[in-house]
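*Asks:* this one's sequence-less:
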Ligand SMILES: NC(=O)c1ccc[n+]([C@@H]2O[C@H](COP(=O)([O-])OP(=O)(O)OC[C@H]3O[C@@H](n4cnc5c(N)ncnc54)[C@H](O)[C@@H]3O)[C@@H](O)[C@H]2O)c1
């Protein structure tokens, strides 16, 4: 593939920035990607990709000649006009989005650079307007990112929609951004809006998905009381095209770097305007309580958890990623230890990232090793390998073959046949069949 036009600039090579850099290179563009962490830049220059994301390492290696990683802002500004800003916007203690990294980038760009700041970081509505006010010489385009960790490369290359928001005066800049995405979809999939609407589309989308999750989790909790199965209920609900079947999987709550912070940022954004976003307050509360329900389920079977050995299967906030930000496993392990339990854990890829965050949790190097001698297991992350585990052999090794399936991932009948007492979320508990000798 031949190289196209001028280089694309990327600021911040974390999950979003690295995928953006790799995918634009794959589309044939030269890319200059800048990060402030020298070790990260050095590693990427050597071809070492520290992020676990299917297809990403191969894509970066395949396009190594088209991507330059640098710590230098000057090199970036000299080589690229469109600057895709992908720096982190973590939550502050109050739940607002912390925009200090975004502001640092703007400060480095100076008064008038002739550059286009393309905001991919998730920022509260109004951010673009305030940057334009501070830096009238800068063109500004909001281009929020919707990729999901675990399928980030595929999501970038096959987006449901690309949102390009610009205000009066920045039409040419928005055209240039839209042109970059043109090969990825049919006309119409690129949604042109004003900046504030683009910013709101991102926050509202994540808040809506989080709401769907908290809603089905509450339905699951009621299902447990009335003898219904939430999987069946979700199937019946999802068949209605007005509802749709996605994000109706009950479990132990959402986590990750986006939903918790974006829901809270939207709630705070509304609050700062004087509007109390009642619904989101409940969405957040339901999610927090859901993570803790596992403890009650274990106590129902085991009584006090003091001295009980509990195996956590999966630590990452979801499968196919090693991202531990706001993972349910963090809250759960702390709660279990708070109840006096001994916690052992296994994750196929996240142990390296998780270990410094879970210093008092014993890390096992296989699922079977984690289950050995355990009084119960909790499936926290639905990694494919857990479905293929020899559960009958695992049951033999456990002190008590009891499992709380926090993602409704395993087949309750098969688990009972393997000798397990099985508890899901919103499913009826199944005792293991009594062995006939
Ligand atoms: N991770 C996701 O799944 C996802 C999806 C959609 C949107 N987003 C949003 O995208 C943004 C980035 O998220 P992420 O998960 O990639 O974050 P991240 O923490 O993985 O990466 C951010 C990177 O920016 C770098 N950085 C910080 N300040 C910088 C500066 N001044 N110049 C250059 N680099 C700088 C950091 O060193 C880091 O490498 C956030 O606003 C997030 O909400 C994330």
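*Replies:* Nice, thanks for sending it over. This structure is a prediction, so every number in the text was calculated from the model and none was measured.
*Asks:* wouldn't residue 61 be in contact with residue 46 here?
*Replies:* No: Residue 61 lies out of contact with residue 46 (Cβ atoms under 8 Å); the separation is 11.0 Å. Every C-beta, even on glycine, is put in place using the N, C-alpha and C of the backbone.
*Asks:* For the closest residue in space to residue 384 that isn't next to it in sequence, give me its contacts.
*Replies:* Once flanking residues are discounted, residue 384 sits nearest to residue 319: 6.9 Å by Cβ to Cβ, 6 or more residues apart in numbering. Applying Cβ atoms under 8 Å, 6 or more residues apart in numbering, we find residue 319 in contact with 150, 381, 382, 383, 384.
*Asks:* Residues in contact with stretch 90-99: which ones?
*Replies:* 89, 122-124, 127, 260-261, 264-265, 267-269, 272.
*Asks:* Now do residue 397: how many residues are near it, please.
*Replies:* Per other Cβ atoms under 10 Å, the neighbour tally for residue 397 reads 13.
*Asks:* in the stretch 51-200 of the chain, which spans are helices?
*Replies:* 56-62, 73-79, 100-109, 127-134, 152-157, 171-181, 195-226 (DSSP state H, counting those that start in this stretch).
*Asks:* Please see if the last one touches the ligand.
*Replies:* Just to be clear, that refers to helix 195-226. No: using Cβ under 6 Å from any ligand atom, helix 195-226 stays clear of the ligand, with a minimum separation of 7.4 Å.
*Asks:* what's the average pLDDT for that helix?
*Replies:* Here helix 195-226 scores 98 as its mean pLDDT.
*Asks:* Tell me the helices and strands packed up against that helix.
*Replies:* helix 127-134, strand 139-142, strand 162-165, helix 230-238, helix 259-272, helix 278-302 (3 or more Cβ pairs under 8 Å, 6 or more residues apart in numbering; DSSP states H and E).
*Asks:* so which of those is the most packed in?
*Replies:* Most buried of the helices and strands packed on helix 195-226, by mean neighbour count (mean count of other Cβ atoms under 10 Å): strand 139-142, with a mean of 26.
*Asks:* where along the stretch 301-437 of the chain do the strands fall?
*Replies:* 309-313, 342-346, 362-363, 376-379, 402-405, 421-423 (DSSP state E, counting those that start in this stretch).
*Asks:* How much space separates residue 182 from residue 189?
*Replies:* 10 Å (Cβ to Cβ, to the nearest Å).
*Asks:* now residue 365
*Replies:* Distance from residue 365 to residue 189, by Cβ to Cβ: 44 Å.
*Asks:* Give the residue from these two that has the larger number of neighbours.
*Replies:* residue 189 (14 against 9).
*Asks:* My read is that that one contacts residue 158, right?
*Replies:* No: using Cβ under 8 Å, residue 189 makes no contact with residue 158, being 9.9 Å away.
*Asks:* Could you give the number of residues near the residue nearest to residue 360 when sequence neighbours are not counted?
*Replies:* Nearest-residue entry for residue 360: residue 337, 6.4 Å, with adjacent residues in sequence omitted and distances by Cβ to Cβ, 6+ apart. Applying other Cβ under 10 Å, we find 16 residues neighbouring residue 337.
*Asks:* residue contacts, residue 337?
*Replies:* 343, 360, 361.
*Asks:* quick one: which of those is nearest the ligand?
*Replies:* Nearest to the ligand, judged by Cβ to the nearest ligand atom, of these is residue 361 at 23.3 Å.
*Asks:* doesn't residue 342 make contact with that closest one?
*Replies:* No: using Cβ under 8 Å, residue 361 is not in contact with residue 342; the gap is 9.2 Å.
*Asks:* how far away is the residue of the stretch 301-437 of the chain found nearest the ligand from residue 22?
*Replies:* Per Cβ to the nearest ligand atom, residue 323 is where the stretch 301-437 of the chain lies closest to the ligand, at 7.1 Å. Distance, residue 323 to residue 22, using Cβ to Cβ: 17 Å.
*Asks:* what about those two, which has more around it?
*Replies:* Taking neighbours as other Cβ under 10 Å, residue 323 and residue 22 compare with residue 22 leading, 31 against 24.
*Asks:* which pair in the contacts of stretch 90-99 spans the largest distance?
*Replies:* Within the contacts of stretch 90-99, 127 and 260 form the most distant pair, 19.4 Å apart (Cβ to Cβ).
*Asks:* Show me which residues of the stretch 51-200 of the chain are close to the ligand?
*Replies:* Counting by Cβ under 6 Å from any ligand atom, the residues of the stretch 51-200 of the chain that sit close to the ligand are 86-89, 101, 104-105, 120-122, 145, 147, 149.
*Asks:* Filter these down to the buried ones, PyMOL style.
*Replies:* In PyMOL syntax, the buried subset of those is picked out as below (16 or more other Cβ atoms under 10 Å):
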select buried, resi 86+87+88+89+101+105+120+121+122+145+147+149
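*Asks:* Quick check: residue 117 touching residue 85?
*Replies:* Yes: in terms of Cβ under 8 Å, residue 117 counts as a neighbour of residue 85; the distance is 6.0 Å.
*Asks:* what touches both of those two?
*Replies:* Residues touching both residue 117 and residue 85 by Cβ under 8 Å, 6+ apart: residue 105.
*Asks:* the more surrounded of the two?
*Replies:* residue 117 (26 against 23).
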